[in-house]
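Engineer: Curious how this folds, go ahead:
(one chain, ligands or ions: 1)
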Amino acid sequence: MPTVAELIRNSDQPSFSFELLPPLKGNSIRKVFNTIDQLKEFNPLYINITSHRDEVVYKPNAKGIKVPHVYRKRPGTVAVAASIQHKYKIPVVPHMICSGFTRSETEYALIDLNFLGIHDLLLLRGDNSNRHDFVKTSEDSNKYAIDLIRQVSNLNNGQFLDGTFMEPFETPFSFGVAGYPEKHEEATCLEADILRLKEKVDAGGEYIITQMFFDNSKFFEFVQKCREAGITVPIVPGLKPINYLSQVKVLPEIFHTQFPEPLTRELLKCSTNEDVAKVGTEWAIHQSKELLVNGFNLIHFYTMMATKCVFDIAKHVY
Ligand code: FAD
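Structural biologist: Coordinates of the predicted model:
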């Protein structure tokens, strides 16, 4: 079976991948399957499954005072990936993150994934936003994506955390990393961020999936700067159809991305979620077509709460 990295390198026809979130704790996996059922007719190349750390939720105690509760809202990344692979025979890419997981927990998850026959990963640091401040990050967690990459690479060479060496896994893990066309929020500038990105690629990242962006010119500039910096691996553009009024404000804030002026103008005319979804879908179709014309055959879609929009885009583009 080819790795996802090989599929990406050889994708000479228009194709797409998409990202799913594990169900909220206590919910059925049916919703995940429903999304795949709607999109599978367009032959997705692979499916990503996100990973989530513990979060803090404030709930009133017996005296009515709100106290913090720490829990994982969306557990189950490994199991969801395995069940998708088993049911649909589509390659899966579970995300592995540093924050909220000790290195030992990561090692055990990697051992599980190996037994399950899943060897494609996306390696990330994980969200580090203020809402997690209360959740203690263990000293024994990887700090940056590069640290997680080193752990996975050591395991590929048969080296476990306790320093023991064992027979390397028959199939090594192959992995991609994240990139930011408008720079990562904590980086001082795009150039500095790209140097960090190059470290991840030099350490074994076989491809890059980008954060969502709405302005293709920023993506094209990013790709050019990556190439100038000596990054030669495929760069897969990540697109998100805007489909809720609230996203007009929150997407730029959370994901540190800017809407281009013509998109903002159209969004400002919208008064319902339906209006926004129409504009967001049309914009994503326009972005997809321009990316394809410019040789980016593979597009990664963020489907969260937007399956119908991704379906409509796929119908127009594939
Ligand atoms: P890193 O590559 O570690 O970089 C983080 C920041 O630190 C950057 O500013 C970088 O320039 C800097 N940096 C890197 N290395 C060093 C170093 N050695 N010393 C000092 N500074 C350094 N989050 C989740 O929680 N779960 C998910 O499933 C998830 N999926 C994602 C999928 C994609 C495609 C993308 C683009 C993002 C995803 N995220 C996810 C969000 C991601 O975890 C956050 O954006 C996170 O803040 C950064 O992750 P990273 O892997 O890019 O971090």
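Engineer: Tell me which residues are up against the strand or helix carrying residue 38.
Structural biologist: Residue 38 belongs to helix 30-39 when assigned by DSSP states H and E. Helix 30-39 is contacted by residues 18, 20, 22-23, 47, 80, 84, 87-88, 90, 303, 307-308, 310-311, 314 when judged by C-beta atoms under 8 Å, 6 or more residues apart in numbering. Every residue, glycine included, has its C-beta placed from N, CA and C.
Engineer: residues touching residue 267, list them.
Structural biologist: Counted by C-beta under 8 Å, 6+ apart, residue 267 has contacts 242, 248, 259, 276, 279.
Engineer: Sitting in helices, which of the residues you listed do you find?
Structural biologist: Among the contacts of residue 267, DSSP state H puts 248, 276, 279 in helices.
Engineer: ok, and the closest non-adjacent residue to the first one?
Structural biologist: Just to be clear, that refers to residue 248. residue 267 (5.1 Å; C-beta to C-beta, 6 or more residues apart in numbering).
Engineer: ok so the one you found is a strand residue?
Structural biologist: No. In this structure, residue 267 is helix, not part of a strand, as judged by DSSP: H, G, I helix; E, B strand; the rest coil.
Engineer: gap between it and the ligand?
Structural biologist: 23 Å (C-beta to the nearest ligand atom, to the nearest Å).
Engineer: one step back: how about TSV for the ones in helices among the contacts of residue 267, with neighbour count, pLDDT and distance to the ligand added?
Structural biologist: Shown next, in TSV, are the ones in helices among the contacts of residue 267 (neighbours: other C-beta atoms under 10 Å; pLDDT from 0 to 100; distance: C-beta to the nearest ligand atom, whole Å):
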residue	neighbour count	pLDDT	distance to the ligand
248	18	93	21
276	23	97	23
279	21	98	23
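Engineer: Among the residues you listed, which one lies nearest to residue 263?
Structural biologist: residue 279 (7.4 Å; C-beta to C-beta).
Engineer: Okay, and residue 113 sits in which element?
Structural biologist: Judged by DSSP H and E, residue 113 forms part of helix 103-115.
Engineer: Just want to check the distance between residue 278 and residue 258.
Structural biologist: Per C-beta to C-beta, to the nearest Å, residue 278 is found 21 Å from residue 258.
Engineer: Who has more neighbours out of these two?
Structural biologist: residue 278 (16 against 13; other C-beta atoms under 10 Å).
Engineer: what pLDDT does that one get?
Structural biologist: In this model, residue 278 is scored at 97, pLDDT.
Engineer: got it, and residue 130?
Structural biologist: Per-residue pLDDT puts residue 130 at 51.
Engineer: now residue 55, which residues is it bridged with?
Structural biologist: Assessed by DSSP bridges, residue 55 has beta-bridge partners residue 71.
Engineer: Next one, pLDDT for it please.
Structural biologist: The model's pLDDT for residue 55 equals 84.
Engineer: Next, count neighbours for it.
Structural biologist: Other residues close to residue 55 by other C-beta under 10 Å number 19.
Engineer: Hmm, residue 73 and it touching each other?
Structural biologist: Yes. Proximity of residue 55 to residue 73 meets the contact threshold set by C-beta atoms under 8 Å, at 5.6 Å.
Engineer: CA atoms only for the one helix or strand residue 315 maps to - export them in CSV, please.
Structural biologist: For residue 315, the host element (DSSP H and E) is helix 307-317. These are the backbone C-alpha positions of helix 307-317, laid out as CSV (Å, rounded to 0.1, in the frame of the first residue of the first chain):
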residue,chain,number,x,y,z
THR,A,307,-20.1,19.0,4.8
LYS,A,308,-22.8,20.3,2.5
CYS,A,309,-20.6,23.1,1.3
VAL,A,310,-17.7,20.8,0.6
PHE,A,311,-20.1,18.5,-1.3
ASP,A,312,-21.2,21.5,-3.4
ILE,A,313,-17.6,22.5,-4.0
ALA,A,314,-16.6,19.0,-5.0
LYS,A,315,-19.5,18.8,-7.4
HIS,A,316,-18.3,21.9,-9.2
VAL,A,317,-14.6,21.2,-9.1
